[in-house]
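**Q** Only the shape, not the letters, is given here:
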């Protein structure tokens, strides 16, 4: 059920543009041009690649944005308070170009980065949802795993994120459903519109003041059996939910226990070699039907989230299908609830009330 006052954008799997992340199409500039942006709850700055690409622009699906062709584009000056607010959002002190324009730089967990001019520009989500003077980055040097998307839509908890810049309209509330394949469509919705069945867990106090959406994870079950993992294994490093990370990362001990239980229940299938960070893989090429054990996460407030079957295993090829979880290398590394495990769930970020909610069947 969608209420009025909400803006809904179709969300598609980034494989359409060659990315493992999820994409929405928004309008930038006047007249507006459409761009595919990866939406990311783990960062704040919204940016798109910009001409003249002073440093480097990777290949993207659409033509690169040209600020000279937009009537509403304005650079932010480096003496403005808006410019100095960038440091808390990007972790980097902004620079100042020779023309006194504010220069941002942002690096992501996978070492991808974007550097460019900080600007005000009109952002169009739907024909009724138009935001003039929206703060965004005009990327002049961009490298990394963005693969075909024009840039990023930042949905974190900092003042410059889309959530905060549109707060007067949407009351810091958004939700999404990530489709499980490129043949189905999900959504990214801003504003009200709530399924009755959503169960909420409070945002973790451990991440108060950061850009991240921290959740208090309390346990995991495999095949209906709760795993013997002490809650402190999860609470010591903490956990964030991130639409911009593909594979879920667990504390090393939690991952070992999960993997061991999963392997026992999968012992009738032949194993396959590991791939990158995925070390529990199977060869299903000789099997017509496969039974995969159910995996559920538990969060503070007694919230149980069943991972969709498409979120449990990651197919490389028929002869190599892997458990879609990985262990962190250190027990103090933050756990990440990644986007593969969020497939088909309705995930509701009610930032104003400090909670995140989950319901099944969000893409239907």
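**A** Ah, there it is. Bear in mind that the values here come from a model prediction, so they are computed numbers and not experimental data.
**Q** Could you use CA atoms for every contact and neighbour count after this?
**A** Will do.
**Q** All the helices of this structure, residue numbers only.
**A** Counting by DSSP state H, the chain has helices at residues 81-84, 86-90, 162-165, 167-170, 231-235, 252-265.
**Q** May I see the buried residues of the fourth one?
**A** In terms of neighbour count (16 or more other C-alpha atoms under 10 Å), helix 167-170 has its buried residues at 167, 169, 170.
**Q** Against which helices or strands is it packed?
**A** Helices and strands touching helix 167-170, as assessed by 3 or more C-alpha pairs under 8 Å, 6 or more residues apart in numbering; DSSP states H and E, are absent.
**Q** which other residues reach that helix?
**A** With contact meaning C-alpha atoms under 8 Å, 6 or more residues apart in numbering, helix 167-170 is reached by 5, 6, 163, 190, 191, 192.
**Q** Distance to residue 280 and mean pLDDT added to the helices of the chain, as CSV?
**A** Below are the helices of the chain laid out as CSV (distance: least, C-alpha to C-alpha, whole Å; pLDDT from 0 to 100):
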stretch, distance to residue 280, mean pLDDT
helix 81-84, 46, 96
helix 86-90, 35, 93
helix 162-165, 37, 98
helix 167-170, 42, 96
helix 231-235, 21, 97
helix 252-265, 7, 98
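**Q** out of those, which comes closest to residue 299?
**A** helix 231-235 (10.3 Å; C-alpha to C-alpha).
**Q** separation between the residue nearest to residue 146 when sequence neighbours are not counted and residue 180?
**A** Closest residue to residue 146 apart from its sequence neighbours, by C-alpha to C-alpha, 6 or more residues apart in numbering: residue 19 at 6.4 Å. Residue 19 is 14 Å from residue 180, where distance means C-alpha to C-alpha, to the nearest Å.
**Q** And for residue 337?
**A** 16 Å.
**Q** Enumerate every residue touching the residue positioned nearest the centre of the chain.
**A** Central residue of the chain (C-alpha atoms, centre = their mean): residue 243, 1.8 Å from the mean position. Going by C-alpha under 8 Å, 6+ apart, residue 243 touches 21, 22, 39, 40, 41, 42, 338, 339.
**Q** So what sits opposite the fourth one in the bridge?
**A** By that I understand residue 40. According to DSSP bridges, residue 154 are recorded as the beta-bridge partners of residue 40.
**Q** repeat for the second one
**A** With DSSP bridges applied, the residues forming beta bridges to residue 22 are residue 13.
**Q** start at 167 instead
**A** Renumbered: residue one is now 167, and that last one reads residue 188.
**Q** I'd like to know how many residues surround it.
**A** 29 (other C-alpha atoms under 10 Å).
**Q** How about residues contacting stretch 220-238?
**A** Contacts of stretch 220-238 (C-alpha under 8 Å, 6+ apart): 183, 195-202, 214-218, 239, 286-288, 298-299, 306-309, 313-316.
**Q** Narrow the residues you listed to those in strands?
**A** Members of the contacts of stretch 220-238 lying in strands (criterion: DSSP state E): 199-202, 214-215, 286-288, 298-299, 306-309.
**Q** Make sure residue 200 is actually in contact with residue 190.
**A** No - Residue 200 is beyond contact range of residue 190, at 10.0 Å (criterion: C-alpha atoms under 8 Å).
**Q** contacting residues for the closest residue to residue 373 other than its chain neighbours?
**A** Leaving aside its sequence neighbours, residue 373 sits nearest to residue 380 (C-alpha to C-alpha, 6+ apart; 5.4 Å). By C-alpha under 8 Å, 6+ apart, the residues touching residue 380 are 369, 370, 371, 372, 373, 404, 405, 406, 407.
**Q** ok, so of those residues, who is nearest residue 179?
**A** residue 407 (17.9 Å).
**Q** More neighbours: which of residue 185 and residue 346?
**A** residue 346 (23 against 16).
**Q** Surely the more buried one and residue 509 touch.
**A** Yes - the pair formed by residue 346 and residue 509 meets the contact definition of C-alpha under 8 Å, at 5.2 Å.
**Q** overlap in contacts of these two?
**A** Joint contacts of residue 346 and residue 509 (C-alpha under 8 Å, 6+ apart) are 476, 477.
**Q** Pull the number of nearby residues for residue 286.
**A** 19.
**Q** So it is in contact with residue 299, correct?
**A** Yes - between residue 286 and residue 299 there is a contact at 4.6 Å, judged by C-alpha under 8 Å.
**Q** follow-up on the earlier one: want to throw the contacts of helix 333-336 into a markdown table with neighbour count and distance to residue 234?
**A** Formatted as a markdown table, the contacts of helix 333-336 follow (neighbours: other C-alpha atoms under 10 Å; distance: C-alpha to C-alpha, whole Å):
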| residue | neighbour count | distance to residue 234 |
| --- | --- | --- |
| 171 | 14 | 33 |
| 172 | 18 | 32 |
| 329 | 26 | 27 |
| 356 | 27 | 30 |
| 357 | 24 | 32 |
| 358 | 20 | 36 |
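**Q** Name the pair among the residues you listed with the greatest separation in space.
**A** Among these, 171 and 329 lie farthest apart (C-alpha to C-alpha), at 14.9 Å.
**Q** neighbour-wise, which of the contacts of residue 409 leads?
**A** That'd be residue 188 among the contacts of residue 409, by other C-alpha under 10 Å, with 29 neighbours.
**Q** pretty sure that residue contacts residue 204?
**A** Yes - Residue 188 lies in contact with residue 204 (C-alpha under 8 Å); the separation is 5.4 Å.
**Q** Turn the buried ones among the contacts of stretch 220-238 into a named PyMOL selection, would you?
**A** Restricted to buried positions by 16+ other C-alpha under 10 Å, the PyMOL selection for those reads:
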select buried, resi 183+195+196+198+199+200+201+202+214+215+216+217+218+239+286+287+288+299+306+307+308+309+313+314+315+316
